[in-house]
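Peer 1: Sequence and predicted model, in that order:
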Amino acid sequence: MKKVVATALAFTAATPVFAGSVLWNNIESQMTTAQVHALYPSSGSVHYHNDETVIDDVSITERCQADVHIDHPAGVVTRVRVRGKGSLGGRCSETVLTGLSSRYGQPLSRERTGGSILAREGSIYVWNRPDGVTLRFKRYTNGALGGGGLGHASWELTYSTVTEEINL
């Protein structure tokens, strides 16, 4: 019995397994804000905010652009959100979804979400990479001209890991 208790305590007290996993490009989970700023100095397309660093107009494909939001509340990276620029009929979201499925296989889950005052309607797809990174892709389906239209993101891809212990 003592051995089981010791093993359980060791598991819950251990350092998170996936800290330091590459989330997007060269951004790692738990990277410090200073490390992010060293990789992406402030410029016309890189903007620093209290809890995030934003990189504007990143090319995803030849015709699709996105803004990358590197979230670092409390001074360390917790996730990266890639927000697709608006596109007619959600064309870029279809291209990104096809690319993700080609690279990572069929999603583990697909969930439809209804629109509300607080959230936009869309479909959410989830993949888990072997290195512990979870990809959550939301394809927006409402809005002017479909997919959010030209004035809103037509999709968002979030890269994250579990960075704190979960006692399950």
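Peer 2: Received, thanks. In this text, all values refer to a predicted model and were calculated from it rather than measured experimentally. Numbering: from 1, shown residues only.

Peer 1: Could you list the low-pLDDT ranges of this protein?
Peer 2: Residue ranges of the chain with pLDDT under 70: 1-19, 87-90, 112-120, 142-153, 163-166.

Peer 1: Please, where are all the strands along it?
Peer 2: Secondary structure of the chain (DSSP state E): strands at 22-24, 27-28, 46-48, 52-59, 65-71, 79-84, 109-113, 122-128, 134-140, 155-160.

Peer 1: which strands and helices sit next to the first one?
Peer 2: With contacts defined as 3 or more CB pairs under 8 Å, 6 or more residues apart in numbering; DSSP states H and E, the secondary structure elements packing on strand 22-24 are strand 79-84, strand 155-160. The C-beta positions use only the backbone N, C-alpha and C, and glycine is treated the same way.

Peer 1: Just put the ones you listed in JSON lines and tack on distance to Ser29.
Peer 2: Converted to JSON lines, those look like this (distance: least, CB to CB, whole Å):
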{"stretch": "strand 79-84", "distance to Ser29": "8"}
{"stretch": "strand 155-160", "distance to Ser29": "8"}
